[in-house]
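J.: next come a sequence and a model predicted from it.
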Amino acid sequence: MNVVNSAKESAALDAAGTLCWLYFERNWIQAHPCHSGLHVNRENPVNLYVGNLTFDATEESVRQAFVDFGDVTSVRIITDRETGRSRGFGFVEMADAEAARAAIAALDGTELDGRPLTVNEARPREQRAPQRASW
């Protein structure tokens, strides 16, 4: 296997020169050809943050906004524990990194239900100190 490096990403080619692995954003991603060109298969889907949602937004309406860009693995709208009301943001998991980048480029700043969306790659959740029970 031959590894090709560039400033942003690396690729591993088999003996025939066929692309079989990509190194992207600190992850090796297995790639395989398919009828529509190069399909990238990630073990972990790309998690996107979607902010400035209306309180009436549904998981289905958010899914419909993203489905044009690729396979949507899951949609979660975050709700308040006590009231059950939307907190105005959520997360969309997409199976393909290219589709996720296309969705970010196309949807960040566009309107959904009259509000401009904030769309970017989600950051890992920060560790918090355990909360003490107050009596």
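T.: Received, thanks. Residues are numbered from 1 along each chain as shown.
J.: mind listing the strands for the protein?
T.: In the chain, the strands defined using DSSP state E lie at 2-5, 10-13, 19-24, 27-34, 37-41, 46-51, 72-79, 86-94, 111-112, 115-116, 118-121.
J.: the second one - what's its average pLDDT?
T.: Strand 10-13 shows a mean pLDDT of 48.
J.: for Thr118, the count of nearby residues, please.
T.: Per other CB atoms under 10 Å, the neighbour tally for Thr118 reads 14. No exception for glycine: its C-beta is placed from N, CA and C like everyone else's.
J.: for it, list the residues it contacts.
T.: By CB atoms under 8 Å, 6 or more residues apart in numbering, the residues touching Thr118 are Tyr49, Val50, Gly51, Asn52, Asp108, Gly109.
J.: just the buried ones from those?
T.: Val50 (16 or more other CB atoms under 10 Å).
J.: from the contacts of Thr118, which is closest to Arg125?
T.: Tyr49 (11.1 Å; CB to CB).
J.: just the C-alpha atoms of the longest helix anywhere in the chain, please, in CSV.
T.: As assigned by DSSP state H, the longest helix anywhere in the chain is helix 97-107. As requested, the backbone C-alpha atoms of helix 97-107 are provided in CSV (Å, rounded to 0.1, in the frame of the first residue of the first chain):
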residue,chain,number,x,y,z
ALA,A,97,-18.1,13.9,5.1
GLU,A,98,-18.5,15.3,1.6
ALA,A,99,-22.3,15.5,2.0
ALA,A,100,-21.8,17.2,5.4
ARG,A,101,-19.5,19.8,4.0
ALA,A,102,-21.9,20.5,1.2
ALA,A,103,-24.8,20.9,3.7
ILE,A,104,-22.8,23.3,5.8
ALA,A,105,-21.8,25.4,2.8
ALA,A,106,-25.4,25.5,1.4
LEU,A,107,-27.5,25.8,4.6
